[in-house]
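*Asks:* Task: produce atomic coordinates for the following.
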Amino acid sequence: MKILFDVDHCFAWAHGGVQNFVENLMKNLQNHGIEVEPLRWWDKDQKGDIIHTLYKPGRVFNLAKNKGIKIVCSLFLDSLSSRSAFDLLLRKYYMGIFKKLLRGNSAELGWNYGEIADAYIYHSQHEANLGKYLFNADLKKSYVALYGVEKKYFSSNTEKRESDYLISINTIHPRKNNIQLAKLAKITKIPIKFIGKPYAKDEYFDNFISMVDNKYVIYEGYVSDDLKNKFLMEARGMVTLSKVESGCIAVLESFASNCPVFLPDLAWAKSIYDGYASFGNIKNESKLAVQLTKFYNNPYENFKKYPVKDWDTASLDYIEIYKKILNNR
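*Replies:* Just a heads-up that it's a prediction; the model follows:
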């Protein structure tokens, strides 16, 4: 079996979850005898059984059709996952009209993936249901497979942490909501170590840096994996108020490290981690302060270790999907 990986979205190669996902999946598939290569769309002689495309497939459709290759796409519907029902209805209506009037353009945008792809992989059932609702993606072709975590993050130590700080692992960007969390740290007087770097040193990053006091808002910047792992193993808990995520590898690394987790009370988080993490209401700052303080004082109250897989095991889920697709050829 040979899988060709297609990532035509430049953002995927910025530091973060998608880059981590692609690199680790490609590496670990080879441990199970699966051939992998980046798709060379210009190479008419390149052969493969499946094109695994990240994000919605657009121009790759004709290439796959001409070569008789199946298409599997990994979808990230994070920007839609916590939208209101009314907003989603408007988007569904708008996309329906757009697809009728400008079908070629909608194909380029990947909005026709429900018709184009042979299988769709989401990171939660919530996103799979969104795919059905917004893009008419057949649930019979939909699969849910979460990320894996590198083995070095797993810990069997279940002792309660005695450190006084929480940790937040995120790119410094509005979608990650770092400034709201920094404000919350000052309001509650809870020390929070922020780990991550910006996509660019823009106004948002400058505003975040202006809040760093190294007492409650502690900015470590971008650190090595070993140092990040050390912080995770020592931290009293991990917190993110990110507005949009598809699964979030940092959350899984925290669970693997037996680090209690505090997440926003949004669909992207509740749909996967309800019953395992603590949650806060990011739309009500005073209530959020009380909820974070409660978590800080007793991080293990709602903590239950999520069943995280290492990347080697997680890659087997993808192999099973590939096999099912090829058997339906």
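*Asks:* how about the helices of the chain, start to end?
*Replies:* Per DSSP state H, the chain carries helices over the ranges 17-30, 60-67, 85-101, 103-108, 113-116, 125-135, 178-188, 203-209, 225-234, 249-256, 267-273, 285-297, 311-327.
*Asks:* Burial-wise, tell me which of these comes out on top.
*Replies:* Mean neighbour counts were compared across the helices of the chain using mean count of other Cβ atoms under 10 Å; the top stretch is helix 249-256, at a mean of 24. For glycine as for every other residue, the C-beta is placed from the backbone atoms N, C-alpha and C.
*Asks:* Distance from it to the middle of the chain?
*Replies:* 11 Å (Cα atoms, centre = their mean, to the nearest Å).
*Asks:* Does anything pack onto that helix? Which helices or strands?
*Replies:* In terms of contacts (3 or more Cβ pairs under 8 Å, 6 or more residues apart in numbering; DSSP states H and E), helix 249-256 is packed against helix 17-30, strand 166-169, strand 237-239, strand 261-264.
*Asks:* what does it rub up against?
*Replies:* For helix 249-256, the external contacting residues (Cβ atoms under 8 Å, 6 or more residues apart in numbering) are 17, 20-21, 146-150, 153-155, 169-170, 232, 238, 240, 245, 260-261, 263, 269, 273, 276-277, 305-306, 308.
*Asks:* what does stretch 167-177 give?
*Replies:* For stretch 167-177, the external contacting residues (Cβ under 8 Å, 6+ apart) are 14-16, 178, 181, 192-199, 204-205, 208, 228, 231-232, 235, 237-244, 250, 253-254, 259, 264, 282.
*Asks:* what's around Trp42, how many residues?
*Replies:* Look at Trp42: counted by other Cβ atoms under 10 Å, it has 7 neighbours.
*Asks:* Quick check: it vs Leu63, distance?
*Replies:* 10 Å (Cβ to Cβ, to the nearest Å).
*Asks:* Val72 too?
*Replies:* Val72 sits 14 Å away from Leu63, going by Cβ to Cβ.
*Asks:* Same question for Tyr216.
*Replies:* Distance of Tyr216 to Leu63, computed by Cβ to Cβ: 52 Å.
*Asks:* Please apply the same query to Lys193.
*Replies:* Lys193 sits 45 Å away from Leu63, going by Cβ to Cβ.
*Asks:* Take the helices and strands packed on helix 249-256 and lay them out in a markdown table including mean pLDDT and distance to Gly131.
*Replies:* What follows is the helices and strands packed on helix 249-256, written out as a markdown table (pLDDT from 0 to 100; distance: least, Cβ to Cβ, whole Å):
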| stretch | mean pLDDT | distance to Gly131 |
| --- | --- | --- |
| helix 17-30 | 87 | 17 |
| strand 166-169 | 96 | 27 |
| strand 237-239 | 96 | 29 |
| strand 261-264 | 96 | 22 |
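*Asks:* To Ala119, which of these lies closest?
*Replies:* Ala119 sits nearest to helix 17-30 of all the helices and strands packed on helix 249-256, at 15.0 Å, using Cβ to Cβ.
*Asks:* what about the closest one, distance to the chain center?
*Replies:* Centroid separation for helix 17-30 versus its chain: 13 Å, with Cα atoms, centre = their mean.
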